[in-house]
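Enquirer: need a 3D model of the following:
(2 chains)
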Amino acid sequence: MIDASRFDPGFLRARREAIIILTAWAVCLVWTVGYCGIAGYANDSEAIALLFGMPRWVVWGILVPWIAATLFSAWFSLCHIAVESGHSQSDGQ
Amino acid sequence: MGNNSSLLLFVGYTLVVLGLAWVSHRTLARKAFLSEYFLGSRGLGLVALTLTFGATSASAGSFAGFPSLVYAHGWILALWIASYMIFPLCGMGLLGKRLNQVAHQTGAITVPDVLRERFDSPALAIVATLLMAGMLTVYLIPQFTLATLIMEQLLGNAALFQKAAIGLTQLLGNAMPGSVSAEYTLGLLLFAVLVVIYTTFGGFRAVVWTDVLQGFVMIVGVMVMLVLALSQVGGLANATRSMNAMIPPKVGEVIFEADVPAPESGYYIPADTWFTLPGNRLFRTNQSAIILPGGTSSAAVKVVEIITPDEIAAITARLPETTLPPLVHPRLQVLTEYARGAGQPGTYVRAPGPSVDNADGFLPLGLAVSFFAFWALSGTGQPGNMVRLMAFSKTVTLKRAIASLSVYFALIYFPLVIIFCCARVLAPGLDQTPDRIMPVMAYLLADGAHIPWLAGLLIAAPFAAAMSTVDSFMLMITSSIVRDVYQRNLRPQAKEQTLKRMSYMCTIVIGVIATAGALYPLQFLQYLIVFTGGGLAVAFLGPMALALYWPRFNRTGALVTMLGGFLAYLSLYVAGFILYGNAVPVRPLGLDPLIWGFAASLLFAIVGTLTTAPPPERLVRRFFYNPNSD
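Expert: Residues are numbered from 1 along each chain as shown, chains lettered A, B, ... in the order given. Sure, this is the predicted structure:
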């Protein structure tokens, strides 16, 4: 039987971080494909709304989440991922 | 760039790369061979880890295939590539810390090594080795081909290179492969010799150092191109408005006919020649055409008809009256409209983007979901990336590398979309050969800025991308054979000198095989890259992620996860080949085979694991329990 109470805290922290990363990927997917699905795939008008020289759907559906994802990645990695120590070194010879 | 400046640039670059290999070789002599040769003694720092991960992930496809897709389909490519926004976090953060811990703990230096230790299963390690070595070897061939095509563009105009190509033709005589040009053969040999030398003698450390150099070349190339493209197109808003007015062109073939037999010199109509036909119709050839001496017509060549009225007016205003030789006339053969977007303005700035052959457009919504999974998850599952995650020594390096790579990729991929949207406006009419758009833009932007030598530097970016992928994959195949097959199964007591000689020989042999394969270029290069990349991800992501995070996961589960996912993925490609007769896979519900491969992988993992005995207590204790609890 696997005894969950004996799990290494380092393993549990890494697993929690992996779950947060997968959630972040899913949020990006829903935001990007969801928004672009609604705004980018609509072909009803000849005029295209521009923002910063790009189609508006690209800015809100891709550029803004890209900036948000980059900031989140930097914050999460620098401030949230726990530093683990105590690797037992071996060189594989 | 009709002089030797690009050749000088290339020679300088080569000397730097070989210098790095030499320094690395000296380091290698002072350390334990296997760990140093295949993993750089696990000593990657922040810059090295960031740029080696980034450069290995960005293959030639990122700088040759991706720009051609942006050019051909417009702004929709921003959505196609969008999951790179989260790829650094997924690719490094999902597995990085745990994989590095387990690799340190067990002394593993290859991906199959980790699986062997985690499941105490030599059989699983051998299956993983065979899958990895086989797929990576196939993957190497199109990378060699693409790198050679880029090298042809880089050096093709250099007088010394042309003389050397002629010399090679005379030297090889009938042994010269008939399917490729002398320039291609020479470029391939130069590339192969360079990459084999520095990979063989420098090992992992040389590969990482050259990755760092190549990573800098890539970012500088993209930034310079971005500034030049935006200034020459008159601003991004101007480019997008012009694209909004564009109607997809018609594509087809044309034959050139002469009124009288051609003279002794024949008639030569270069690629990219503009010509007009009555009714204000404007065309551009995408291939060169030749009417042989005494002949009156050429073979059929690819041609594009510009449809957008504003473009026709702007281009004809700056064209001479005719650009064809006198007495030569075009005769149109076939002319096809786009399956999606024909006659419609605005398709280049809206989803799903225009398509020549798909009525649903370039990126239907189902495929957009697939590609969001593809780049982030497929990249995470690449053994080449996993190895890099085994090679750093402190978690803090990983933390900073994730942050740095996120910024690096944001500065590479989104700007590439902008640059090649501008290319649609600056270099119209290349829709039948869009693969050439990267070098065409490099020369166009450098000429526009009156800095001709800059083109060589800009084309060096995709060359660096191809090189950095090839070197790391060659080393991985060698490590699989020497470490996982030879040392772990055949000769556990092999001496270091023997392992060293075997490693050198293996790397050279792999280089020779890839070179021989690239001498006879295959069709469907891009499909082959996508297929092998996806196959590796399906085979390795599930087993590795579950091995690291699911204590109940056992060796049977790992084996069926690896093989089940891969076979499901492969079967959709085979079905596509049978049904459609080409390399396009079957996509149930519009989703890419990669998604189905991952789904099958997960299903096999759950069923295979829960229906068989749990893993031995000693393995669970070793990899998951607190070492202080007992």
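Enquirer: could you point out which element follows the lowest-mean-pLDDT helix or strand in chain B?
Expert: Lowest mean confidence among the helices and strands of chain B (mean pLDDT, DSSP states H and E): helix B:60, at a mean of 67. Moving toward the C-terminus from helix B:60, the next helix or strand (DSSP states H and E) is helix B:66-73.
Enquirer: are that following helix and chain A in contact anywhere?
Expert: No: against chain A, helix B:66-73 shows no contacts by C-beta under 8 Å from any C-beta of the partner chain, the least distance being 12.2 Å. Placement of C-beta: from N, CA and C, glycine included.
Enquirer: elements contacting that helix?
Expert: helix B:76-80, helix B:395-426, helix B:437-448 (3 or more C-beta pairs under 8 Å, 6 or more residues apart in numbering or on different chains; DSSP states H and E).
Enquirer: between these, which gets nearest to B:Leu149?
Expert: Closest approach to B:Leu149 among the helices and strands packed on helix B:66-73 is made by helix B:437-448 (9.2 Å; C-beta to C-beta).
Enquirer: list just the one of the helices and strands packed on helix B:66-73 that sits closest to B:Ala351.
Expert: helix B:76-80 (5.3 Å).
Enquirer: give the rounded mean pLDDT of that closest one.
Expert: Across helix B:76-80, the average pLDDT comes to 97.
Enquirer: now do stretch B:476-492
Expert: 87.
Enquirer: returning to what we had before: winner for burial among the helices and strands packed on helix B:66-73?
Expert: Sort these by mean neighbour count, taking mean count of other C-beta atoms under 10 Å in any protein chain shown, and helix B:76-80 sits at the top with a mean of 26.
Enquirer: can you map out the strands along the stretch 401-550 of chain B?
Expert: Remark: strands of the stretch 401-550 of chain B are absent; assignment by DSSP state E, counting those that start in this stretch.
Enquirer: and it, which residues reach chain A?
Expert: Within the stretch 401-550 of chain B, the positions near chain A by C-beta under 8 Å from any C-beta are B:402-403, B:406-407, B:410, B:414, B:418, B:483, B:496, B:545, B:548-549.
Enquirer: which of those lies closest to B:Val560?
Expert: For these, the nearest to B:Val560 is B:Ala545 (15.1 Å; C-beta to C-beta).
Enquirer: okay, that closest one: pLDDT?
Expert: If you check B:Ala545, the pLDDT there is 97.
Enquirer: so it makes contact with B:Cys90?
Expert: No: counting by C-beta atoms under 8 Å, B:Ala545 sits too far from B:Cys90 to count as a contact (10.8 Å).
Enquirer: what about stretch B:201-221, average pLDDT?
Expert: For stretch B:201-221, the mean pLDDT works out to 85.
Enquirer: distance from it to the middle of the chain?
Expert: Centre-to-centre, stretch B:201-221 and its host chain are 16 Å apart (C-alpha atoms, centre = their mean, to the nearest Å).
Enquirer: give me the angle between the lengthiest helix in chain B and helix B:437-448.
Expert: Assignment by DSSP state H gives helix B:182-233 as the longest helix of chain B. With axes from the mean of the first three to the mean of the last three C-alpha atoms, to 10 degrees applied, the angle from helix B:182-233 to helix B:437-448 works out at 60 degrees.
Enquirer: by how many degrees do helix B:182-233 and helix B:66-73 diverge?
Expert: 60 degrees.
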